[in-house]
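In: sharing a sequence plus its predicted fold:
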Amino acid sequence: MERSLVLVKPDGVQRALIGEVISRLERRGLRLVAAKFMQVSTELAETHYAVHKGKPFYEGLISYISSAPVMAMVWEGPNAVAAIRQTMGSTRPTEAAPGSLRHDFALEVGRNLTHASDSVENGANEVALWFKPEELVDWNREVDRWTFEK
Ligand code: IDP
Ligand code: MG
């Protein structure tokens with residue numbers, strides 16, 4: 001079962017889109033594993049976005065993600081990483097597929113609403129960075145057999 005970190009970034013929180021993001025992931029069939037509403041420290045932001053250090057947008061990205069609270073979550077399911085990134089849409093909202101969150105609710109790459117892990121390996125690493133093991137809930141839903149093939 002794949003797991004992905006999902007963040008509703010400060011713009012999504014300010015624009016009252018937490019529920020929209022959760023609703024779309026729930027309807028997709030994904031299962032919520034953990035959630036917390038939190039202010040992101042500069043230290044966490046820098047660790048999370050270390051891969052982008054040195055890029056022209058890096059400083060703006062760190063101040064954006066730590067400018068106001070985020071909703072941090074872990075979601076799981078078969079093909080969760082690809083499915084969630086598809087539900088988010090491409091990084092640049094004007095390149096995101098119609099029907100995706102970034103297409104439907106965003107205009108600019110620097111205000112693109114959400115974060116989702118980009119590989120299974122990064123998903124595991126990001127979940128470990130953002131959540132303590134005891135914050136992750138293992139559970140099953142009666143409906144899982146109608147959504148998950150195995
Ligand atoms: P992702 O969020 O779709 O995985 P990444 O390429 O990993 O996209 O970039 C991380 C975040 O950095 C993006 O979601 C976006 O908020 C920001 N970002 C990426 N490229 C730019 C840019 O060219 N200008 C401003 N912000 C950017
Ligand atoms: Mg990324």
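Out: Great, that's in hand. Worth saying up front: this structure is predicted, and the values here are computed from it rather than measured. Ligands and ions are numbered 1, 2, ... in the order given.
In: nearest spatial neighbour of S90, chain-adjacent residues omitted?
Out: A96 (4.5 Å; C-beta to C-beta, 6 or more residues apart in numbering). C-beta coordinates here come from the backbone N, C-alpha and C atoms, glycine included.
In: wait, that neighbour touches L107, no?
Out: No - counting by C-beta atoms under 8 Å, A96 stays clear of L107, with 10.4 Å between them.
In: quick one, helices of this structure?
Out: For the chain, the helices defined by DSSP state H occupy 10-14, 18-28, 42-48, 58-65, 80-88, 101-105, 120-130, 144-147.
In: which stretch among the ones you listed comes nearest N112?
Out: Ranking those by distance to N112, with C-beta to C-beta as the measure, places helix 101-105 first at 5.2 Å.
In: contacting residues around S100?
Out: 86-90 (C-beta atoms under 8 Å, 6 or more residues apart in numbering).
In: same deal with T42?
Out: Each residue near T42 by C-beta under 8 Å, 6+ apart is listed here: 62, 66.
In: against H48, how distant is it?
Out: Using C-beta to C-beta, to the nearest Å, one gets 11 Å for the distance from T42 to H48.
In: same check on E149?
Out: Taking C-beta to C-beta, one finds E149 at 32 Å from H48.
In: so the two - more neighbours on which side?
Out: Ranked by neighbour count (other C-beta atoms under 10 Å), E149 and H48 place H48 first, with 20 against 6.
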